[in-house]
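Peer 1: Sharing a model that was predicted from the sequence below.
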Amino acid sequence: MLRRQIMSNKAKLTINNVQTYDLKKGKSLFHNLIDNNIYLPSACGGKGMCGRCKIKVLSNLEGYSESENKHLTLSEKKEGYRLACQINVKKDLLVEIPEELLSWEYDANIVKIDDVTHDIKSITLSFDKPMSFRAGQYIQLIIPPYGNIEDKTVRAYSIASPPSSKNTIELLVRLVPDGIATTYIHKYLNIGDKLSFTGPFGDFFIRDTNASILFIAGGSGLAPIKSMVL
Ligand code: FES
């Protein structure tokens, strides 16, 4: 009886008709993917606010959430796109994920931590695999479980260093009261620690133009601008 109950809490995910993973029913597909070390683009941590966790679902699903109606175009819906964070897993699922999203994780060492202001830290990550990115793009830090936090947490941070630096990036992180990721970075993270991240993501970069550009930014929002002007 207990065994049947445990089994019924699981579902199977098949990606690109090849890889299969275990899913926990009752948990979002987005967070199930994180449990399986697959990190979709996200700027909201799975809260349905950014519209970036688009994924092609081949299985039949229930209707769209309010957030999906806001972030998916009609043609995306016709093609089967959904927001992974809005899918509450209830059964086996068949999805398509671009191959590059399955292997873009970087393992980094923390080589520098500076207090920039009373609540903003600059952290520098160093990694072996070179990363190409455009000034203005962001990465997603994978925060390990700590203290009472039992699950991994993924949060997006803009890169503050210039693209010419391919094995080192700087991030500016403002402490958000009770923020899981920022508390970890401000109170637990030390030089020499290891952190993984995925990326780069985002389309906030300068297009070719002869027009003058006026940058206005403040606080940790300075990060992408700093990357652009350096
Ligand atoms: S992760 Fe932001 S909308 Fe899904």
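Peer 2: Perfect, I can see it now.

Peer 1: Give me the local confidence score for G63.
Peer 2: G63 is assigned a pLDDT of 92 by the prediction.

Peer 1: Kindly report the residues of the protein close to the ligand.
Peer 2: Selection of the chain residues close to the ligand by CB under 6 Å from any ligand atom yields 30, 42, 44, 46, 48-53, 83, 85. Every C-beta, even on glycine, is put in place using the N, C-alpha and C of the backbone.

Peer 1: Assess the claim that S67 and R82 are in contact.
Peer 2: No - counting by CB atoms under 8 Å, S67 does not reach R82; the two are 10.4 Å apart.

Peer 1: These two: which has the busier surroundings?
Peer 2: R82 (22 against 17; other CB atoms under 10 Å).

Peer 1: residue contacts, the more buried one?
Peer 2: Listed by CB atoms under 8 Å, 6 or more residues apart in numbering, the contact set of R82 reads 54-57, 61, 64, 68, 72.

Peer 1: D107 is in what secondary structure piece?
Peer 2: Secondary structure from DSSP states H and E places D107 in strand 105-115.

Peer 1: could you give the mean pLDDT of that strand?
Peer 2: 96.

Peer 1: Quick check: which helices or strands does the helix or strand following that strand pack against?
Peer 2: As assigned by DSSP H and E, the chain's next helix or strand after strand 105-115 is strand 120-126. Contacts defined by 3 or more CB pairs under 8 Å, 6 or more residues apart in numbering; DSSP states H and E place strand 120-126 against strand 105-115, strand 168-174.

Peer 1: switch the cut-off to 10 Å
Peer 2: strand 105-115, strand 138-143, strand 168-174, strand 194-201, helix 222-229 (3 or more CB pairs under 10 Å, 6 or more residues apart in numbering; DSSP states H and E).

Peer 1: Just name the most buried of these.
Peer 2: Per residue and on average, the most neighbours among these fall to strand 138-143, with a mean of 23 (mean count of other CB atoms under 10 Å).

Peer 1: any idea of the angle that one forms with strand 105-115?
Peer 2: 90 degrees (axes from the mean of the first three to the mean of the last three CA atoms, to 10 degrees).
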